[in-house]
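*Asks:* Okay, predicted coordinates and the sequence, questions at the end:
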Amino acid sequence: MAGYKIRDLEILSGIKAHTIRMWEKRYGLLNPKRTDTQIRTYSDEELLLLLNVSLLYKNGYKISHIAQMNSEQLIETSKSIQENGLENSATEQLIVSVLQLDEQLFQQIFNNLIEKNSLSVLFSDLIIPFLQRIGVMWVVGTITPAQEHFISNLIRQKIMAAIDALPIPASSQKKIILYLPEHEWHEISLLVYHYHLRHKGFNSIYLGQAVPFDALLKTIRQLEPVAVVSSWLAPIDQEQILMHFSDLKHEMNEIKIAAGGYQIDQLKSRLAKPIMHIQSLAELEKII
């Protein structure tokens, strides 16, 4: 995919747009084309170059030193960092695997990381932040639906295998319902919540994607959970989200309601007090 705007590069690389402009002017790192209205556009090659520059910069290399490297030196130095400090380069490399639809690269990164981290730490410290960036990229159109589905399915496979390896809690334990609302199909964050709660011994019950509101209420009445948890990514009208929680709160009395995801991040100041905003796995555990 070509024709990235500078905002896309900022999201993908983690480098602020004004910094990218400064590097262009001072060091000539990138050479974007301009539209008739003078809007910068960048190619796939320039994006990959910036990802390598970002990797080196975040690992302590001075931009003046990076700017003096030729393409071969830049790639070789990046590879060295990836081999010696994968945790510091994983996000950039995962983004490359998304852009290039490279399953082998994804598997290599994930397998190397799991040798050094527990699944809970890996999901909390890497996968969740990475998915937040992927979510923003998808919402603003930086990546295509096919690219988002590609990486989501690979990560989903890993999480489902991890969940399947955990023991099923006793039905007598207090229940927590996890669901995605109608028109919401992006389940990775919710699956991570499910894995974390099961790993910690909670009796979490996963209802899955696009659960009709009436069916959700019927299940709540049947199971009588202590909490319900959801995740929101799809770009829908904010008033619909607020109405969903208003109706849910009206029906649920004392049951805790917690939600996370990009749309909830944007709405947190408008959510009613009983609706708890999930910003991390540790916070989810504390809420429950």
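*Replies:* Good, I have the coordinates. Residues are numbered from 1 along each chain as shown.
*Asks:* Every contact and neighbour count from this point should use C-alpha atoms.
*Replies:* Will do.
*Asks:* Show me how the record splits this protein into domains.
*Replies:* According to automatic domain parsing, the chain comprises the domains 1-84, 85-165, 168-287.
*Asks:* what's the average pLDDT for the first one?
*Replies:* Mean per-residue pLDDT for domain 1-84: 80.
*Asks:* for it, the distance to its chain's centre please.
*Replies:* The chain centroid and the centroid of domain 1-84 are separated by 22 Å under CA atoms, centre = their mean, to the nearest Å.
*Asks:* Could you dump the domains of the chain into a markdown table with mean neighbour count added?
*Replies:* Converted to a markdown table, the domains of the chain look like this (neighbours: other CA atoms under 10 Å):
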| stretch | mean neighbour count |
| --- | --- |
| domain 1-84 | 15 |
| domain 85-165 | 16 |
| domain 168-287 | 17 |
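*Asks:* Please work out the average pLDDT along stretch 188-208.
*Replies:* Stretch 188-208 comes out at a mean pLDDT of 90.
*Asks:* Just the endpoints, please. Distance across it?
*Replies:* Using CA to CA, to the nearest Å, the end-to-end distance of stretch 188-208 comes out at 10 Å.
*Asks:* Okay, helices next: where are they in the stretch 101-250 of the chain?
*Replies:* Counting by DSSP state H, counting those that start in this stretch, the stretch 101-250 of the chain has helices at residues 103-114, 119-122, 128-140, 145-164, 188-199, 213-223, 238-252.
*Asks:* Rebuild those as TSV, extending it with distance to G260.
*Replies:* As requested, the helices of the stretch 101-250 of the chain are exported to TSV (distance: least, CA to CA, whole Å):
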stretch	distance to G260
helix 103-114	24
helix 119-122	17
helix 128-140	10
helix 145-164	17
helix 188-199	8
helix 213-223	18
helix 238-252	12
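*Asks:* of those, which approaches L9 most closely?
*Replies:* Judged by CA to CA, the one of the helices of the stretch 101-250 of the chain that comes nearest to L9 is helix 128-140, at 10.1 Å.
*Asks:* what pLDDT does the residue positioned nearest the centre of the chain get?
*Replies:* Note on the chain: the residue nearest the mean C-alpha position is L131, at 1.1 Å, using CA atoms, centre = their mean. L131 is assigned 73 on the pLDDT scale.
*Asks:* Thank you kindly, that will do.
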